[in-house]
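Visitor: Just to be clear, the model below is a prediction. Sequence and coordinates:
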2 protein chains.
Amino acid sequence: MAKAQDATGSEDLMFQPLCAVFRRFLKREGLKFTPERAISLDAVLAKENVFEAGTLYDEIRTAGHHVSRATLYRTLKHLQDAKIIAEVLIDSKQAHYELCFGKKPVGHLVCVDSSQVTEFTSPQIEELRDRICEEHGYEPVSVRLVVYGVSPQARDDNV
Amino acid sequence: MAKAQDATGSEDLMFQPLCAVFRRFLKREGLKFTPERAISLDAVLAKENVFEAGTLYDEIRTAGHHVSRATLYRTLKHLQDAKIIAEVLIDSKQAHYELCFGKKPVGHLVCVDSSQVTEFTSPQIEELRDRICEEHGYEPVSVRLVVYGVSPQARDDNV
DNA sequence: CTTGCTGCAAAAGTTTTGCACACGT
DNA sequence: ACGTGTGCAAAACTTTTGCAGCAAG
């Protein structure tokens, strides 16, 4: 269990393939791999679903680490550039993100009652992206699909 | 041309079917049709594309009318409830809206370079919404589809 | 040692809210 | 009259930025 406790801020992070991806990205861009960036990436990797910057900040603090809000926001931007996370458009008030590395584009099903977000996949998402872009002469970059509905569970609660 | 210049704030507004829709909605909800709401609706009806609250505010002021920001935001909320406008998820910083009354759900094609927004329709949008909801036992409410790409025009500019 | 990075505090921008007064219905 | 609506100014929030000192490559 005695792993080198180094500047990464986490004993397990170094074994995450995504950590290497991020380090390569940073090097390629002439940027630096700092303890704060390691802590931030670690917190992101712990998320299984959509998350917000504020939540991530709180979780980092709760875990006993310290990364300032400013640094966290700056790191989230780099993680987007590195294509490790992507923005998810849930609402217009606040940014939501999720891990996207190596994944095909996914859609999100949001319960209008409980705000619970469920991810789903469908080949039609990419088809639609490419077809629409082709029809308009655009070069495809990305897609966001969000479906809103009432979950069975929320409907039961409101009887 | 001598139309009654009344509390609606616009001579033409009363002839807009959507004005009647809004008035009926307000009455049904026990709310009031005020000059400020008339001016706001009028400004919304003049928009042909996606718009933001801030732009709308400026346009109302430029047109020589006065509606406070607070009232405009409150009215936009009612217009959403009345299903006259709908939020469009372009980015997570600021709300974007568009007229939606009597329209099927549409998608939006956004140029990542110029931020220009083009609307498109596709029967697949509704199909997808209903299929996904059915698969998860959800009751469908709405959908948002945003495709990002580089417009031919933006590509030319960046050569 | 050179560049970039961090934290802090302040700024910026959008949206919301409390309150006193005004106004549709 | 009653219950809403309005404006204003302040508050609430998320995100960004300037700057002085600090650290990774």
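Guide: Arrived safely, thanks for sending.
Visitor: Just give me how far the least confident helix or strand in chain A by mean pLDDT sits from the chain centre.
Guide: Least confident helix or strand, chain A: helix A:152-157 with a mean of 89, by mean pLDDT, DSSP states H and E. How far helix A:152-157 lies from its chain's middle: 28 Å, per Cα atoms, centre = their mean, to the nearest Å.
Visitor: Distance of the most centrally placed residue in chain A relative to B:A86?
Guide: What sits nearest the mean C-alpha location of chain A, by Cα atoms, centre = their mean, is A:E98, with 2.2 Å. Going from A:E98 to B:A86 by Cβ to Cβ, to the nearest Å gives 24 Å. C-beta here means a position set from N, CA and C on the backbone, and glycine is covered the same way.
Visitor: what about the residue nearest to the centre of chain A, which SS state?
Guide: strand (DSSP: H, G, I helix; E, B strand; the rest coil).
Visitor: Shouldn't A:K27 be within a strand?
Guide: No - checked against three-state DSSP, A:K27 lies outside a strand; its state is helix.
Visitor: Can you give me the distance of A:Y148 to B:R155?
Guide: A:Y148 is 33 Å from B:R155, where distance means Cβ to Cβ.
Visitor: Likewise for A:E126?
Guide: 21 Å.
Visitor: A:H78 too?
Guide: Separation of A:H78 from B:R155 (Cβ to Cβ) stands at 26 Å.
Visitor: For the residue nearest to A:F120 when sequence neighbours are not counted, list the residues it contacts.
Guide: The shortest distance from A:F120 to any non-neighbouring residue, by Cβ to Cβ, 6 or more residues apart in numbering or on different chains, is to A:G107 (5.2 Å). By Cβ atoms under 8 Å, 6 or more residues apart in numbering or on different chains, the residues touching A:G107 are A:119-122, A:125, A:145-147, B:128, B:132.
Visitor: What about the residues you listed, which are in helices?
Guide: Applying DSSP state H to the contacts of A:G107, the entries found in helices are A:125, B:128, B:132.
Visitor: count of residues packed around the second one?
Guide: For B:L128, the number of neighbouring residues by other Cβ atoms under 10 Å in any protein chain shown comes to 22.
Visitor: Show me which residues of chain A sit near DNA strand D.
Guide: Neighbours of DNA strand D within chain A, by Cβ under 7 Å from any atom of the strand: A:7, A:32-35, A:52-54, A:69-70, A:73-74, A:77, A:93-95.
Visitor: 10 Å - rerun?
Guide: A:6-7, A:23, A:26-27, A:30-38, A:52-58, A:68-74, A:76-77, A:87, A:93-97 (Cβ under 10 Å from any atom of the strand).
Visitor: Keep only those of those that are in helices.
Guide: Per DSSP H, the residues of chain A next to DNA strand D map to helices at A:23, A:26-27, A:35-38, A:53-58, A:69-74, A:76-77.
Visitor: Only the buried subset of those residues, as a PyMOL command please.
Guide: Here is the PyMOL command that selects only those of those that count as buried (16 or more other Cβ atoms under 10 Å in any protein chain shown):
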select buried, chain A and resi 23+26+36+37+38+53+56+57+71+72+76
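Visitor: overlap between the ones in helices among the residues of chain A next to DNA strand D and the residues near DNA strand C?
Guide: The overlap between these and the neighbours of DNA strand C (Cβ under 10 Å from any atom of the strand) comes to A:26, A:35-38, A:69-74.
Visitor: Mind putting those into CSV with pLDDT?
Guide: Below are those laid out as CSV (pLDDT from 0 to 100):
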residue, pLDDT
A:L26, 97
A:P35, 97
A:E36, 97
A:R37, 97
A:A38, 96
A:R69, 97
A:A70, 98
A:T71, 98
A:L72, 98
A:Y73, 98
A:R74, 98
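Visitor: how about those, which pair is most distant?
Guide: Distance extremes for those: the farthest pair is A:L26 and A:R69 at 20.6 Å, using Cβ to Cβ.
Visitor: what about the lengthiest strand in chain A and DNA strand C, any contact?
Guide: Ranked by residue count under DSSP state E, the longest strand found in chain A is strand A:139-150. No - judged by Cβ under 10 Å from any atom of the strand, strand A:139-150 and DNA strand C are separated, with a smallest distance of 17.1 Å.
Visitor: just checking, what packs against that strand?
Guide: strand A:85-88, strand A:107-111, helix A:123-136, helix B:123-136, strand B:139-150 (3 or more Cβ pairs under 8 Å, 6 or more residues apart in numbering or on different chains; DSSP states H and E).
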